[in-house]
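Engineer: Fold the following for me, if possible:
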Amino acid sequence: MLTTILAVAAEGDGSFQLLPDWAELIWGSVAFLLLLAFMYKFVFPRANQVLDDRSAAIQGKMEEAEAKLVEAEEARRNFDAQIADARGEANAIIEEAKATAESLRRDIVAKAEAEAAAIVERAQADINAERDRALQDLRTQVGAISVELASRIVERELDTTTHQSLVDEYIQRLSSQN
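Structural biologist: Residues are numbered from 1 along each chain as shown. Modelled structure (predicted):
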């Protein structure tokens, strides 16, 4: 057919018309109408069914995706809540640790103060003992000096008992003056 069209176009008389034969036009129209009826009866309903099924499947998948999106959002919220709970729990543990540390610090400070007080008390007792010993040594020395002085003055030696009573009496007088 293409060759026929090309041959007619090559003649070039300017009156090129492409009109079909009437019988061919009628039979072509009848065949088209039959094909159209067949398509309306069988093909179009099936195609519409396939399109409806596909639309329903797409709609179902969209609803499923939306449900999964809602589920994922809920999971994210739960995860965020768990993170917030974990942070709160961590803060509580930190606060508890701080309180425990503060309590331990106070206990250690109290023990240190008690030990310091005990050391001061022992030192005070040692000082008192040393003072008493020094006073005793001083009394002995003062007694010896006073006996020697008295013996020089009196030029005679006193016996030990008299000597001790004189020393004690002298120390008593000195103590009562202070």
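Engineer: longest helix anywhere in this structure?
Structural biologist: For the chain, the helix with the greatest residue count under DSSP state H is helix 44-154.
Engineer: Kindly spell out which helices and strands sit in contact with that one.
Structural biologist: In terms of contacts (3 or more CB pairs under 8 Å, 6 or more residues apart in numbering; DSSP states H and E), helix 44-154 is packed against helix 160-177. C-beta here means a position set from N, CA and C on the backbone, and glycine is covered the same way.
Engineer: before we move on, back to that, centre of the chain to the longest helix of the chain, how far?
Structural biologist: The chain centre lies 15 Å from the centre of helix 44-154; the measure is CA atoms, centre = their mean, to the nearest Å.
Engineer: Would you tell me what the next helix or strand after the helix or strand of the chain with the lowest mean pLDDT is?
Structural biologist: One helix or strand of the chain scores below all others by mean pLDDT, DSSP states H and E: helix 2-11, with a mean of 61. Heading C-terminal from helix 2-11, the first helix or strand you meet, by DSSP states H and E, is helix 22-38.
Engineer: My understanding was that residue 167 contacts residue 142; is that so?
Structural biologist: Yes - Residue 167 is in contact with residue 142 according to CB atoms under 8 Å; the separation is 7.0 Å.
Engineer: okay, those two: which has more neighbours?
Structural biologist: Between residue 167 and residue 142, counting by other CB atoms under 10 Å, residue 167 is the more crowded of the two (19 against 15).
Engineer: Check the gap between that one and residue 57 for me.
Structural biologist: 126 Å (CB to CB, to the nearest Å).
Engineer: One more: residue 35?
Structural biologist: Relative to residue 57, residue 35 is positioned 30 Å away (CB to CB).
Engineer: do the same with residue 38
Structural biologist: The gap separating residue 38 from residue 57 is 27 Å, by CB to CB.
Engineer: repeat for residue 125
Structural biologist: Between residue 125 and residue 57 the computed distance is 99 Å (CB to CB).
Engineer: just residue 174 next, same as before
Structural biologist: Residue 174 sits 121 Å away from residue 57, going by CB to CB.
Engineer: residue ranges with poor pLDDT in the chain?
Structural biologist: Residue ranges of the chain with pLDDT under 70: 1-18, 149, 152-158, 178.
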